[in-house]
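In: would you be able to build a 3D model of this:
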Amino acid sequence: MQQVAISVVVPVFNEEETLEELYRRLRATLQSLGKDYEIIFVDDGSNDASLKVMKRIRAADTAVRVVKLTRNFGQHPAIVAGLHRARGEAVVLIDADLQNPPEEISRLYEKYLEGYDVVYGIREGRSDASWRLWGSKLVMRLSKWLLGLPVPEDMISGFRIISRKVVNTLNTIHEQQYDTSLMMVYLGFSHAGVQVKHDVRRYGQSKYSTFKLIYLTLDMLVGFSDFPLRAASYTGAAMAVIAIAVGSYMAVRRLLGIIDVPGYASIFVGITFLAGIQLLFLGVIGEYISRIYREMKGRPYYVVDEEF
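Out: Numbering: from 1, shown residues only. The predicted structure is shown next:
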């Protein structure tokens, strides 16, 4: 496989409006660096005209490659599909929505040349809804707390450049489900952040609904931490201590001849609360078991339909 200086991996899902402009700006930026390059578009099961646009771009430029997946597997599987095919000594990961300006690749590459394995973009003046900004900060704090890892500001953003050493390591991972950004933190490679512009999304809407973002956050934390399981143990122990204390208190009152008026409402609330706690942690345990189940089946992380 002939190596190039820079590969750009772009996961694509229903982004027909942005692709022509994205390609033009990527090509101009990469040519300005004076390095040989390739652009890999990974179609993640788009149901609009995205694939047609990518094929048209590919027909006009041999530096462009297109990988079509059989269905929508998700952003991270699409990124992994691109990494498996990238030939670059350095690999840029960028979304197709143009919120991360392609021109900022030059700043990431300049920092990368200082010897860092991972250089990520810190989104300056981030143009997202306030609830998403708040949610990102919450995820960062949870990641630091639950994973026990130093997670720098905006480290989990999708815009970054990584070395061939990082790519080769990621390509040896055979987990069925993982967050590529957090995996890079977990692996411990040298990293640095660079302030980059963040533009308003001009076309279409974000593919991540509130529910999907919450699910991905929980899945990410389960995938990288056993804290939820330990929390179930801690809660069970705490409940046992409380039960012993309340039982002892009631036994003492009984021995002293103090008779309490039966409180059916409090008993009902207590039983319901405990049942809720039990079901919650059964769900947590089930989530871990389901991940083990998926891993044991060994199904592919993604399936390629065609490559151009």
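In: which stretches in the stretch 201-308 of the chain count as helices?
Out: 210-224, 227-255, 264-297 (DSSP state H, counting those that start in this stretch).
In: out of these, indicate the one that is most buried.
Out: helix 210-224 (a mean of 15; mean count of other C-beta atoms under 10 Å). To be clear about C-beta, it is placed using only N, CA and C from the backbone, and glycine gets the same treatment.
In: re earlier: the helices of the stretch 201-308 of the chain: which one's closest to Gly88?
Out: helix 210-224 (26.5 Å; C-beta to C-beta).
In: for this protein, what helix or strand is lowest in average pLDDT?
Out: Least confident helix or strand of the chain, by mean pLDDT, DSSP states H and E, is helix 130-147 with a mean of 65.
In: so can I have JSON lines of the helices of the stretch 201-308 of the chain showing distance to Ala60?
Out: Shown next, in JSON lines, are the helices of the stretch 201-308 of the chain (distance: least, C-beta to C-beta, whole Å):
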{"stretch": "helix 210-224", "distance to Ala60": "35"}
{"stretch": "helix 227-255", "distance to Ala60": "50"}
{"stretch": "helix 264-297", "distance to Ala60": "40"}
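In: could you dump those helices into JSON lines with mean pLDDT and distance to Asn168 added?
Out: Formatted as JSON lines, the helices of the stretch 201-308 of the chain follow (pLDDT from 0 to 100; distance: least, C-beta to C-beta, whole Å):
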{"stretch": "helix 210-224", "mean pLDDT": "67", "distance to Asn168": "21"}
{"stretch": "helix 227-255", "mean pLDDT": "75", "distance to Asn168": "30"}
{"stretch": "helix 264-297", "mean pLDDT": "75", "distance to Asn168": "22"}
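In: which one of those lies closest to Thr70?
Out: Of those, nearest to Thr70 by C-beta to C-beta is helix 264-297, at 17.5 Å.
In: the closest one - contacts with which helices or strands?
Out: Contact analysis of helix 264-297 by 3 or more C-beta pairs under 8 Å, 6 or more residues apart in numbering; DSSP states H and E lists helix 210-224, helix 227-255 as its packing neighbours.
In: CA atoms of stretch 191-201 as PDB?
Out: Taking C-alpha atoms only, stretch 191-201 is exported to PDB below (Å, rounded to 0.1, in the frame of the first residue of the first chain):
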ATOM      1  CA  HIS A 191      -1.800  15.100  22.700                       C
ATOM      2  CA  ALA A 192      -2.300  18.800  22.300                       C
ATOM      3  CA  GLY A 193      -5.200  21.100  21.600                       C
ATOM      4  CA  VAL A 194      -5.400  24.000  19.200                       C
ATOM      5  CA  GLN A 195      -8.100  26.800  19.100                       C
ATOM      6  CA  VAL A 196     -10.100  26.500  15.900                       C
ATOM      7  CA  LYS A 197     -13.100  28.300  14.500                       C
ATOM      8  CA  HIS A 198     -16.500  26.700  14.800                       C
ATOM      9  CA  ASP A 199     -19.100  27.800  12.300                       C
ATOM     10  CA  VAL A 200     -22.900  27.700  12.400                       C
ATOM     11  CA  ARG A 201     -24.500  24.700  10.600                       C
END
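In: okay, now Val66: neighbour count?
Out: 21 (other C-beta atoms under 10 Å).
In: state the distance from the closest residue to it other than its chain neighbours to Leu282.
Out: Spatially, and ignoring its direct neighbours in sequence, Val66 is nearest to Phe308 (4.2 Å; C-beta to C-beta, 6 or more residues apart in numbering). From Phe308 across to Leu282, the span is 47 Å (C-beta to C-beta, to the nearest Å).
In: equivalent analysis for Gly34, please.
Out: In terms of C-beta to C-beta, Gly34 sits 58 Å off from Leu282.
In: who touches Gly223 in this structure?
Out: 175, 177-179, 291 (C-beta atoms under 8 Å, 6 or more residues apart in numbering).
In: picking that back up, what pairs with the next helix or strand after the least confident helix or strand of the chain, parallel or antiparallel?
Out: Following helix 130-147 in sequence order, the next helix or strand is strand 160-163 (DSSP states H and E). Sheet partners assigned to strand 160-163 using DSSP bridges are listed as strand 88-93 (antiparallel), strand 118-124 (antiparallel).
In: what's strand 160-163 in contact with?
Out: Here strand 160-163 has contacts from 89-93, 105, 108-109, 112, 116-121, 181, 184, 189, using C-beta under 8 Å, 6+ apart.
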